[in-house]
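fold the following for me, if possible:
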Amino acid sequence: MPADLSIPIGTLALLVVLALAFDFMNGFHDAANSIATVVSTGVLRPHYAVVWAAFFNFLALFIFHLKVASTVGKGIVDPSAIDHYVIFGALSGAIAWNVITWYYGIPSSSSHALIGGMIGATVSKAGFHPLVPAGIGKTALFIFLSPLLGMLLGSLIMIAISWACVRAAPRKVDRLFRRFQLLSSAAYSLGHGSNDAQKTMGIIWLLLMSAGITAPDAPMPPSWVIVSCYVAMAGGTMFGGWRIVRTMGQKITKLRPVGGFTAESAGSITLFMASSLGIPVSTTHTITGAIVGVGSVQRARAVRWGVAGNIVIAWIVTMPAAALIAALAYFLGKRIL
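Residues are numbered from 1 along each chain as shown. So this is what the prediction gives:
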């Protein structure tokens, strides 16, 4: 792969900072996914919840392999087609879409905004040839599979718990699962860190490969990239995203501690599975599906299907919208960088 040593060091540093800003925003935007259930059930106060989630976001660094980072770095677009203008366009498209959806309180996917941004900026530069159909295909497939799997697991776990606790007093069940929910929210935050922080690693890795700093056959990005991405995501999670917390924790369905435990458990299982397979999935999609699964077991009316439907529309629109913004940002980058 030809090294693009013409990238000014200042531009390179600016793009790394922009990538880490996206990672911070990812944690900020997706803090709701990690803490919405534990906050809405009253198990933890919001400020304690974000610190709890941020700690386990960072702890994922020491537990999971970097398969998702490898997919984003090498499995979505051909690294040889990437330059700093493409990276600028991809990050700009993803950040812009995150800001728009955060402002309106829409729990969209930072992950798919980033993937869409990569696709849009790459196509603007080199057409469709550099795209890797296999990587894009499995990412697109899991837009639908991750919430369905979360919903299925959420329903099954809720049914199993209901049968197991059928003779127990509601107050006793509530007290028990308030404790269990601390464990399930920790597991979900681990899953969040295992998948989402690695996507930004993949982007910075691509940038370093395009600049000739990192060899394309390197098995993993430099250590400073790994650590900085986890720190940025954990910091963003601590900052919180309260508009989206309200949608996730209150508007879809009303949760009790047993429901919060179930949704987080179902979501964490899905994320662990996806991360082990190297598939970049959306934590937003996953936890939303799990919450819907929990609510539908209680009764169909417990789910506000109109709110859930609006969220699904946002899911479908995210990748093409971010791709369009990224395509425009690519041409802007050609002028200003």
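
going by C-alpha atoms from here, please, whenever you check contacts or count neighbours.
Noted.

centre of the chain to the longest helix along the chain, how far?
Longest helix in the chain, counting residues (DSSP state H): helix 170-210. The chain centroid and the centroid of helix 170-210 are separated by 9 Å under Cα atoms, centre = their mean, to the nearest Å.

helices or strands up against the following helix or strand past that helix?
Downstream of helix 170-210, the first helix or strand assigned by DSSP states H and E is helix 223-239. When contacts are defined as 3 or more Cα pairs under 8 Å, 6 or more residues apart in numbering; DSSP states H and E, helix 223-239 packs onto helix 9-40, helix 46-59, helix 170-210.

make a markdown table out of those helices and add mean neighbour count, mean pLDDT and distance to residue 266.
Converted to a markdown table, the helices and strands packed on helix 223-239 look like this (neighbours: other Cα atoms under 10 Å; pLDDT from 0 to 100; distance: least, Cα to Cα, whole Å):
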| stretch | mean neighbour count | mean pLDDT | distance to residue 266 |
| --- | --- | --- | --- |
| helix 9-40 | 24 | 83 | 12 |
| helix 46-59 | 22 | 84 | 17 |
| helix 170-210 | 24 | 90 | 9 |
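
of those, which is nearest residue 332?
helix 9-40 (14.3 Å; Cα to Cα).

mind putting the helices and strands packed on helix 223-239 into TSV with distance to residue 99?
Shown next, in TSV, are the helices and strands packed on helix 223-239 (distance: least, Cα to Cα, whole Å):
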stretch	distance to residue 99
helix 9-40	9
helix 46-59	20
helix 170-210	17
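
which of those helices sits closest to residue 160?
So among those, helix 170-210 is nearest, using Cα to Cα, at 13.6 Å.

that closest one vs helix 223-239, what angle?
140 degrees (axes from the mean of the first three to the mean of the last three Cα atoms, to 10 degrees).

hang on, the earlier thing: now for the longest helix of the chain, which elements pack on it?
Helix 170-210 packs on helix 9-40, helix 46-59, helix 67-74, helix 84-103, helix 223-239, helix 257-277, going by 3+ Cα pairs under 8 Å, 6+ apart.

of all the ones you listed, which lies closest to residue 330?
So among the helices and strands packed on helix 170-210, helix 84-103 is nearest, using Cα to Cα, at 4.2 Å.

in the closest one, what's buried?
Residues 84-98, 101-102 are the ones in helix 84-103 that count as buried (16 or more other Cα atoms under 10 Å).

redo the helices and strands packed on helix 170-210 as CSV? Include distance to residue 289.
Putting the helices and strands packed on helix 170-210 into CSV (distance: least, Cα to Cα, whole Å) gives the following:
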stretch, distance to residue 289
helix 9-40, 11
helix 46-59, 20
helix 67-74, 21
helix 84-103, 19
helix 223-239, 21
helix 257-277, 8
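
the ones you listed: which one's closest to residue 130?
helix 67-74 (11.0 Å).

now do that closest one: which elements does it pack against?
Short answer (3+ Cα pairs under 8 Å, 6+ apart): helix 67-74 packs on helix 170-210, helix 257-277.

could you redo those helices as CSV and give each row distance to residue 336?
As requested, the helices and strands packed on helix 67-74 are exported to CSV (distance: least, Cα to Cα, whole Å):
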stretch, distance to residue 336
helix 170-210, 18
helix 257-277, 36
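
pLDDT weak spots in the stretch 51-200 of the chain?
Scanning the stretch 51-200 of the chain with the threshold set as pLDDT under 70 gives 107.

picking that back up, for residue 295, find the nearest of the helices and strands packed on helix 223-239.
helix 9-40 (12.3 Å).

measure residue 202 to residue 66 for me?
Here the criterion is Cα to Cα, to the nearest Å. By it, residue 202 lies 9 Å from residue 66.

what residues are up against the residue of the chain most remote from its centre?
Most distant from the centre of the chain: residue 167, at 38.5 Å, with distances by Cα atoms, centre = their mean. Listed by Cα atoms under 8 Å, 6 or more residues apart in numbering, the contact set of residue 167 is empty.
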